[in-house]
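[1] Sequence and predicted structure below; questions after.
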Amino acid sequence: MTELRTRVLIVDDEEDICRILSQLLKKEGLGTLVAYDGETAIKLIHTETPDVMLLDVRMPGLDGMEVLRMARELDPDIPVILITAYAGILGAIEAMKAGAYHYLPKPFDNHEVVELVHRALKERGRRKRIRNLSADRRKDTPLRILMGPSDAILKLVLNVNRVAGSDFNVVILGETGSGKELVAKAIHQASCRAKGPFVPVDCGAIPETIFESELFGYEKGAFTGAEARRQGRYETAHEGTLFLDEISNMPLGSQAKLLRILQEKVFYRVGGNAPVKVNVRLLVASNQDLEHEIERGAFRQDLFFRLSEFTISIPPLRERKEDIPYLAKRFLDITNAELNKDVKGFSEEALETLLNYNWPGNVRQFQSTIRRGVLLADEMIGQKHLDIKRAAVPGLAFTPKIQGLPWKELSLKEIVRQSKIVVEKEVLLEALKYTGGNKAKAARLLKIDYKTIHTKVKQLKVFVKGGDYD
């Protein structure tokens, strides 16, 4: 990236600050764009693709933290430097957690601003190099390049290509870490909506109390703190694709509202009476069996019928182990570029371990393991660098214990009931041992929700040292 082509977006409601920063950066040979409010900033990111953003935190309308969130959805590679006079309210740690590149308190030092912008430009270039390695830009079956050359992935690609040209709603099923968002993006990119936005929403990450306002937006005065109208994710996805990840976590009330939107093609912001019409394609994903969720009353059957016009299932990594050597080399190259290292490859013992392991966390866990190996290794990644055991299903390889003969006067039904409790307790115990007592991780491993595992742990009195127990 040459600095003559770079542009810095300055976002501040104080015109004097924008003018000072703009003059300062132009002296450095950098181009600048200026926005005095968050809405204008988001439009400029859409149309101008700036390389760095200097962003004030406190602004009327969309505040800096909301602009930061939306900017990262539109362009994950853009480094954002937050500027604020309220250092006591928003510290450096909070800024980093929110996804900012750096934090700059007012009054700022001009030399520090210039140095930070130059560092951010280098970071922008590094992120682009990594992203280009992470996702091949060629049009010929990019999913095979991203996910592997196996027959299972070829079948997946054929299904993606088959449905991409339609406007069908699609349900994408797969275990945690298997690549559901990759598949959703591939459908979007191969569709006629590719030039529109792709808006991902993790339904499990939004508290139930604010779910509807996040998804559908709200009107000014809809509730305490609603100082201006705000678009929701649904409206942001106009002319593009909305991807609802882990749809089984959507509250039942929001499910009913989503069903009405799919039927009537309009929605209402929270606190609003005017219908809002948008053109959105809906893709959803789940690591749960949605039909099972319907049976236990956690998911609406009528919504499921609306969503499942086409279903794609992603095979777990343990069922396509021929992809493992390919993915290992790919993640090795990406991490070498990220860390500026030149690790050559894997020892035979390390590769054998990668192939024999069953990867309960799928590709996400696999990539983390390779990243750690590259960090620790000098020339070759060996067994000692992988930090995994040679186990078919780590932490869950056990033989459940049931009562032996004789069973006295118990009926078969009662014997099975008691044995089921014993097995259930053993499974929970092994899962919690594997996750170090973390119930949330154990729930994901066992493909149940957190409330269920919390209840069962209390009922069956399952305890692991170091666990997150109340």
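    Received the coordinates, thanks.
[2] Find the centremost residue of this structure, please.
    The chain has Asp202 as the residue nearest its centroid, 6.6 Å off, counting by CA atoms, centre = their mean.
[3] That one and Arg233, how far apart?
    11 Å (CB to CB, to the nearest Å). All C-beta spots, glycine's among them, are computed from the backbone N, C-alpha and C.
[4] Make sure Asn161 is indeed in a helix.
    Yes. Per DSSP: H, G, I helix; E, B strand; the rest coil, Asn161 lies within a helix segment.
[5] Quick one: residues contacting it.
    Residues in contact with Asn161 (CB atoms under 8 Å, 6 or more residues apart in numbering) are Ala190.
[6] Neighbours of the closest residue to Lys257 other than its chain neighbours, how many?
    Leaving aside its chain neighbours, Lys257 sits nearest to Glu212 (6.6 Å; criterion: CB to CB, 6 or more residues apart in numbering). Glu212 is flanked by 20 other residues according to other CB atoms under 10 Å.
[7] do Leu354 as well
    23.
[8] so which strand or helix has it?
    helix 348-356 (DSSP states H and E).
[9] tell me the mean pLDDT for that helix?
    With pLDDT averaged residue by residue, helix 348-356 scores 90.
[10] Return the distance of that helix from the chain's centre.
    28 Å (CA atoms, centre = their mean, to the nearest Å).
[11] What are the boundaries of the strands in the stretch 351-470 of the chain?
    380-381 (DSSP state E, counting those that start in this stretch).
[12] so where is it shaky, pLDDT-wise?
    389-410, 415, 464-470 (pLDDT under 70).
[13] pretty sure Leu62 is touching Gly38, no?
    Yes. If you go by CB atoms under 8 Å, Leu62 and Gly38 touch, sitting 2.8 Å apart.
[14] So which residues lie in contact with whatever helix or strand the residue nearest to Lys257 lives in, not counting its own?
    Using DSSP H and E, Glu212 sits within helix 211-216. With CB under 8 Å, 6+ apart as the test, helix 211-216 has contacts from 201, 203, 206, 222-223, 230, 232-235, 250-251, 253-254, 257-258, 267-270.
[15] taking those one by one, which sit in strands?
    201, 267 (DSSP state E).
[16] I'd like to know which of the contacts of helix 211-216 are part of helices.
    233-235, 253-254, 257-258 (DSSP state H).
[17] how about those residues in a markdown table, adding distance to Ser308?
    Formatted as a markdown table, the ones in helices among the contacts of helix 211-216 follow (distance: CB to CB, whole Å):
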| residue | distance to Ser308 |
| --- | --- |
| Arg233 | 21 |
| Tyr234 | 19 |
| Glu235 | 24 |
| Gly253 | 21 |
| Ser254 | 18 |
| Lys257 | 19 |
| Leu258 | 14 |
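[18] if we look at the sheet, which residues does the residue nearest to the centre of the chain bridge to?
    Asp245 (DSSP bridges).
[19] Now the element after the longest helix along the chain, going C-ward?
    Of all the segments assigned as helix in the chain under DSSP H, the longest by residue count is helix 110-134. As assigned by DSSP H and E, the chain's next helix or strand after helix 110-134 is helix 142-147.
[20] Which elements pack onto that next one?
    Applying 3 or more CB pairs under 8 Å, 6 or more residues apart in numbering; DSSP states H and E, we find helix 142-147 packed against helix 151-164, helix 180-189.
[21] Tell me who's in contact with the residue nearest to Pro360 when sequence neighbours are not counted.
    Take Pro360 and drop its neighbours on the chain: the residue closest to it by CB to CB, 6+ apart is Leu445, 5.7 Å away. Neighbouring residues of Leu445 by CB under 8 Å, 6+ apart: 360, 396, 431, 434-435.
[22] Sort out which of the contacts of helix 211-216 are buried, if you could.
    Those of the contacts of helix 211-216 that meet the buried threshold are 201, 203, 206, 222, 230, 232-235, 250, 254, 257-258, 267-270, by 16 or more other CB atoms under 10 Å.
[23] Most tightly packed of the helices and strands packed on helix 142-147?
    helix 180-189 (a mean of 22; mean count of other CB atoms under 10 Å).
[24] ok, and for stretch 284-303, which residues are buried?
    Residues of stretch 284-303 classed as buried by neighbour count (16+ other CB under 10 Å): 284-288, 290, 293-294, 298-300, 303.
[25] Show me what it is in contact with.
    Under CB under 8 Å, 6+ apart, the answer for stretch 284-303 is 169-176, 178, 180-181, 183-184, 243-248, 252, 255-256, 258-259, 262, 304, 307-308, 444, 447, 449.
[26] Let's see the pLDDT reported for Leu68.
    The model's pLDDT for Leu68 equals 89.
[27] how much space between it and Asp56?
    Counting by CB to CB - Leu68 and Asp56 are separated by 11 Å.
[28] overlap in contacts of these two?
    Common neighbours of Leu68 and Asp56 (CB under 8 Å, 6+ apart) are Leu82.
[29] Quick one: low-confidence residue ranges for the chain.
    Counting by pLDDT under 70, the low-confidence segments of the chain come to 1-5, 86-98, 130-141, 389-410, 415, 464-470.
[30] What are the structural domain limits within it?
    In the assignment given by automatic domain parsing, the structural domains of the chain cover 3-134, 148-315, 318-385, 412-460.
[31] ok, back up a step: packing partners of the longest helix of the chain?
    helix 15-27, strand 52-56, strand 80-84, strand 102-105, helix 324-339.
[32] so which of these is the most packed in?
    Comparing the helices and strands packed on helix 110-134 by mean neighbour count (mean count of other CB under 10 Å), strand 52-56 ranks first with a mean of 26.
[33] chain center to that one: distance?
    For strand 52-56, the distance to the chain centre is 24 Å (CA atoms, centre = their mean).
[34] how many other residues sit next to Val278?
    Applying other CB under 10 Å, we find 18 residues neighbouring Val278.
[35] mind checking which of the helices and strands packed on helix 142-147 is nearest Leu116?
    Nearest of those to Leu116, taken as CB to CB: helix 180-189 at 31.1 Å.
[36] the inter-axis angle of that closest one versus helix 151-164?
    40 degrees (axes from the mean of the first three to the mean of the last three CA atoms, to 10 degrees).
[37] can you list contacts of helix 180-189?
    Under CB under 8 Å, 6+ apart, the answer for helix 180-189 is 142-143, 146-147, 156, 160, 163-164, 170, 172-174, 194, 198, 200, 240-241, 243, 245, 281, 283, 285, 287, 312, 314.
[38] how about a cut-off of 7 Å?
    142-143, 146-147, 160, 163-164, 170, 172, 174, 194, 198, 200, 241, 243, 245, 283, 285, 312, 314 (CB atoms under 7 Å, 6 or more residues apart in numbering).
[39] Next up, identify which helix or strand the closest residue to Phe267 other than its chain neighbours is on.
    Excluding its sequence neighbours, the residue lying closest to Phe267 (CB to CB, 6+ apart) is Ile261, at 4.5 Å. Assigned by DSSP H and E, Ile261 belongs to helix 252-264.
[40] same check, this time on Leu242
    Taking DSSP H and E as the definition, Leu242 sits inside strand 241-245.
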